[in-house]
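Visitor: Make a model of this:
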Amino acid sequence: MKVFSLVSVVLVAAIQDGNPNDRIAKIEEHVQTMIDLIPETPNHFKQRYSNRLNGLVQLAKNSVTGTNCHSTNGYSADDEEEDVKVFTVDDPCKLNSQINSALSSFARNWACVGRGKTHRQTVRRARKVKAFYNNRQNC
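Guide: This is a model prediction of the structure:
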């Protein structure tokens with residue numbers, strides 16, 4: 001019975017995790033939507049935000065090995081929320097927050113390779129990019 005329940009837990013975890021390439025592609029799609037929602041301004045905010053967000057996505061993509069390293073990064077199975085897979089395009093402030101959550105979740109699950117603790121670097125940079133947007137757009 002224990003073997004069956006262990007196999008069930010592993011299968012459920014594998015189904016929930018999905019493919020990292022599909023997940024980052026979905027995040028990239030919403031990043032592009034977010035960038036398209038920002039109007040052009042004389043202070044080049046759109047370009048600076050775009051560079052920071054795309055750099056963050058690249059950091060996350062470059063640290064993927066294809067294996068889930070959630071437990072080796074020091075997180076338990078209950079840490080993840082289901083809403084990191086849901087995006088709202090109507091409200092740019094909320095979309096920025098959702099992209100931040102999705103990138104942080106992606107990093108905790110899939111960022112296994114890199115110099116230092118790449119998942120922590122990604123989460124920290126995502127938080128800074130979120131604050132950069134929120135401060136400039138009065139969210």
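Visitor: pLDDT (mean, whole number) over the helix or strand harbouring residue 131?
Guide: When elements are defined using DSSP states H and E, residue 131 is found to belong to helix 118-137. On average, the pLDDT along helix 118-137 is 87.
Visitor: before we move on, what about stretch 22-32?
Guide: So the average pLDDT for stretch 22-32 ends up being 89.
Visitor: ditto for stretch 87-99
Guide: For stretch 87-99, mean pLDDT rounds to 86.
Visitor: Give me the buried stretch members for that stretch, please.
Guide: Residues of stretch 87-99 classed as buried: 87, 92, 95-99 (neighbour count, 16 or more other CB atoms under 10 Å). Bear in mind the C-beta positions are built from the backbone N, C-alpha and C, glycine included.
Visitor: now stretch 24-39
Guide: When burial is assessed from 16+ other CB under 10 Å, stretch 24-39 yields the following buried residues: 24, 27-28, 30-31, 34, 38.
Visitor: Over to stretch 42-51?
Guide: Under the neighbour-count criterion of 16+ other CB under 10 Å, stretch 42-51 has 45, 49-50 buried.
Visitor: wait, what's in contact with residue 24?
Guide: 57, 60-61, 64, 106, 110 (CB atoms under 8 Å, 6 or more residues apart in numbering).
Visitor: Confirm it sits in a strand?
Guide: No: according to DSSP: H, G, I helix; E, B strand; the rest coil, the state of residue 24 is helix, so it is not within a strand.
Visitor: So which of the buried residues of stretch 42-51 is the closest to residue 129?
Guide: Residue 129 has its nearest neighbour among these in residue 49, at 7.4 Å by CB to CB.
Visitor: excluding its backbone neighbours, what's nearest residue 61?
Guide: Ranked by CB to CB, 6 or more residues apart in numbering and with sequence neighbours excluded, the top spatial neighbour of residue 61 is residue 24, at 5.7 Å.
Visitor: Having no further points to raise, I will conclude here.
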